[in-house]
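Enquirer: Requesting a structural model of the entry that follows:
(chains A and B)
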There are 2 protein chains.
Amino acid sequence: MRVSELVARSRVPLATIKYYLREGVLMPGESTSATQARYGEEHLHRLALIKALAGAGLPIHKIRLIVELIENPGENLHETIGRAIATLPPYPEGERRTDHPRARRALARLGQVYDPGYPAVAQFERALEAVENVGIPMTDERLDAYGRHIRGIAELDLALMPTESAQAAVEYAVLGTAIYEPVIAAMRRLAHQHLSAASRGADTPEKDHR
Amino acid sequence: MRVSELVARSRVPLATIKYYLREGVLMPGESTSATQARYGEEHLHRLALIKALAGAGLPIHKIRLIVELIENPGENLHETIGRAIATLPPYPEGERRTDHPRARRALARLGQVYDPGYPAVAQFERALEAVENVGIPMTDERLDAYGRHIRGIAELDLALMPTESAQAAVEYAVLGTAIYEPVIAAMRRLAHQHLSAASRGADTPEKDHR
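Expert: Next comes the predicted model:
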């Protein structure tokens, strides 16, 4: 397809497509003349990826890191996926801490192995500190229940990971992490509303059929 | 305590405290002279709440709405909590849609009651559209598993809600929603890493003890 069709089908403006080409996150089309190039489905696919990552708050240099890992996933897929996920927000502000006492304690209780340098450990520590500061600390009761349910979600995520190529696996891991977090957050809010309405219904005498 | 001690203990700068007083989100202290006032534990507590909400991305007018609901929770706690949660980000961009076909279908499958005007429904719809756009759509298999586990998390959240006052319940609901979402996101990333490392370990010959 010509670039005009790529614009129409991707719904990404021409100036943005040119920017992505210059930044090296979109691969060049096949030149058909000095001023024209032909694009294919892989360009549409890549634009959807870039759009999703930009929408999740990634700056262009982080998107480039992910694109490089997708194009050259290397031998060790576990490590490549770890590096790709490590590019995702949230990005730490201020001082870099290396000890993560709350996260370390929680992960030991959950019996989980982890790489202490993995950004999610620092992210977990900051999040645990924040809940502590507002007076709703992570108790063992909550940690055990959350841990069990989140493990169940993560098991399904891994079970559904595509196996046809390393590229597909890296894309799935990055997008499945970044793009499914808002899904989970919305579902939890809706589950609260459902359970709250249901318990209120149960307390209402006219709905009590004993 | 004097305002200097409030600054020291809350770690909120004086100028910010004055701003919160002007904006009506921090209640005034007890005047002890024309230029001095005395503050108590309730001011520290309120500052922690404001700090947490601001840190979660709420603008000052949304924080004021939550403070008003905490101060006047009214008769219908379920509704008050719903209104308080509705002030939380993410805030929709662009056009407001009123039909939410993906969210409606998913919630029907989960058997959940919901208020269609509740912002989490629109948030769920946008999130479902985003995963569809990147080619990792919400399948029934995933929805059922996510739904079951997120319901389990939400049940615990409601079971741990404080019952001593409506104020405490509203604060818990707002903070527990906003501040625990990053905890859950970090835990999911760490569960992925744990499961991925564990499955890799099982595939590694030197760790195979059959």
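Enquirer: If you count neighbours, what's buried in the helix ranked longest in chain A?
Expert: If you go by DSSP state H, chain A has its longest helix at helix A:166-203. If you call a residue buried by 16 or more other C-beta atoms under 10 Å in any protein chain shown, then helix A:166-203 has these buried ones: A:166, A:169-197. For glycine as for every other residue, the C-beta is placed from the backbone atoms N, C-alpha and C.
Enquirer: same for that helix, what does it pack against?
Expert: Judged by 3 or more C-beta pairs under 8 Å, 6 or more residues apart in numbering or on different chains; DSSP states H and E, helix A:166-203 is in contact with helix A:41-55, helix A:60-71, helix A:77-85, helix A:140-159, helix B:77-85, helix B:119-133, helix B:140-159, helix B:166-203.
Enquirer: between the second one and helix A:41-55, how many degrees?
Expert: It stands for helix A:60-71. In terms of direction (axes from the mean of the first three to the mean of the last three C-alpha atoms, to 10 degrees), helix A:60-71 departs from helix A:41-55 by 140 degrees.
Enquirer: what sits up against helix A:60-71?
Expert: The list of residues contacting helix A:60-71 from outside it, by C-beta atoms under 8 Å, 6 or more residues apart in numbering or on different chains, reads A:23-25, A:46, A:49-50, A:53-54, A:58, A:80, A:83-84, A:87-88, A:167, A:170-171, A:174.
Enquirer: Just the buried residues from those, in ChimeraX please.
Expert: Here is the ChimeraX selection string for the buried members of the contacts of helix A:60-71, based on 16+ other C-beta under 10 Å:
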select /A:25,46,49,50,53,54,58,80,83,84,87,88,170,171,174
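Enquirer: rewinding a little: for the longest helix of chain A, the distance to its chain's centre please.
Expert: Offset of helix A:166-203 from its chain centre (C-alpha atoms, centre = their mean, to the nearest Å): 13 Å.
Enquirer: what mean pLDDT does that helix have?
Expert: Mean pLDDT, computed over helix A:166-203, is 90.
Enquirer: between it and helix A:41-55, how many degrees?
Expert: In terms of direction (the same axes, to 10 degrees), helix A:166-203 departs from helix A:41-55 by 50 degrees.
Enquirer: so helix A:166-203 versus helix A:119-133, what angle?
Expert: 20 degrees.
Enquirer: which residues touch residue A:168?
Expert: By C-beta under 8 Å, 6+ apart, the residues touching residue A:168 are residue A:162.
Enquirer: any idea how far it lies from residue A:160?
Expert: Going from residue A:168 to residue A:160 by C-beta to C-beta, to the nearest Å gives 12 Å.
Enquirer: what's the answer for residue A:31, then?
Expert: Distance, residue A:31 to residue A:160, by C-beta to C-beta: 38 Å.
Enquirer: and what of residue A:99?
Expert: 35 Å.
Enquirer: Just give the nearest non-adjacent residue to residue A:112, would you?
Expert: residue B:194 (4.0 Å; C-beta to C-beta, 6 or more residues apart in numbering or on different chains).
Enquirer: Residue A:118 is in contact with the one you found, correct?
Expert: No - look at residue B:194 against residue A:118 with C-beta atoms under 8 Å: they stay out of range, at 10.5 Å.
Enquirer: The longest helix of chain A vs helix B:140-159, what angle?
Expert: Going by the same axes, to 10 degrees, helix A:166-203 makes 50 degrees with helix B:140-159.
Enquirer: Helix A:166-203 versus helix A:77-85: what angle between them?
Expert: If you take the same axes, to 10 degrees, helix A:166-203 sits at 70 degrees to helix A:77-85.
Enquirer: Counting neighbours, what do you get for the closest residue to residue A:189 other than its chain neighbours?
Expert: Closest residue in space to residue A:189, ignoring its immediate chain neighbours: residue B:120 at 3.9 Å, by C-beta to C-beta, 6+ apart. Neighbour count of residue B:120, defined by other C-beta atoms under 10 Å in any protein chain shown: 25.
Enquirer: residues in contact with residue B:120?
Expert: Contacts of residue B:120 (C-beta under 8 Å, 6+ apart): A:186, A:189, A:190, A:193, B:85, B:86, B:114.
Enquirer: quick one, what contacts the residue nearest the centre of chain A?
Expert: In chain A, the centroid-proximal residue (C-alpha atoms, centre = their mean) is residue A:178; its distance is 1.5 Å. Listed by C-beta under 8 Å, 6+ apart, the contact set of residue A:178 reads A:52, A:53, A:56, A:58, A:88.
Enquirer: The first one is in contact with residue B:127, isn't it?
Expert: This points to residue A:52. No - using C-beta under 8 Å, residue A:52 makes no contact with residue B:127, being 11.6 Å away.
Enquirer: can you list residues touching both of these two?
Expert: Shared contacts of residue A:52 and residue B:127 (C-beta under 8 Å, 6+ apart): residue A:179.
Enquirer: pull the helix or strand with minimum mean pLDDT from chain A.
Expert: Within chain A, no helix or strand scores below helix A:166-203, which has a mean of 90 by mean pLDDT, DSSP states H and E.
Enquirer: No further questions, thank you.
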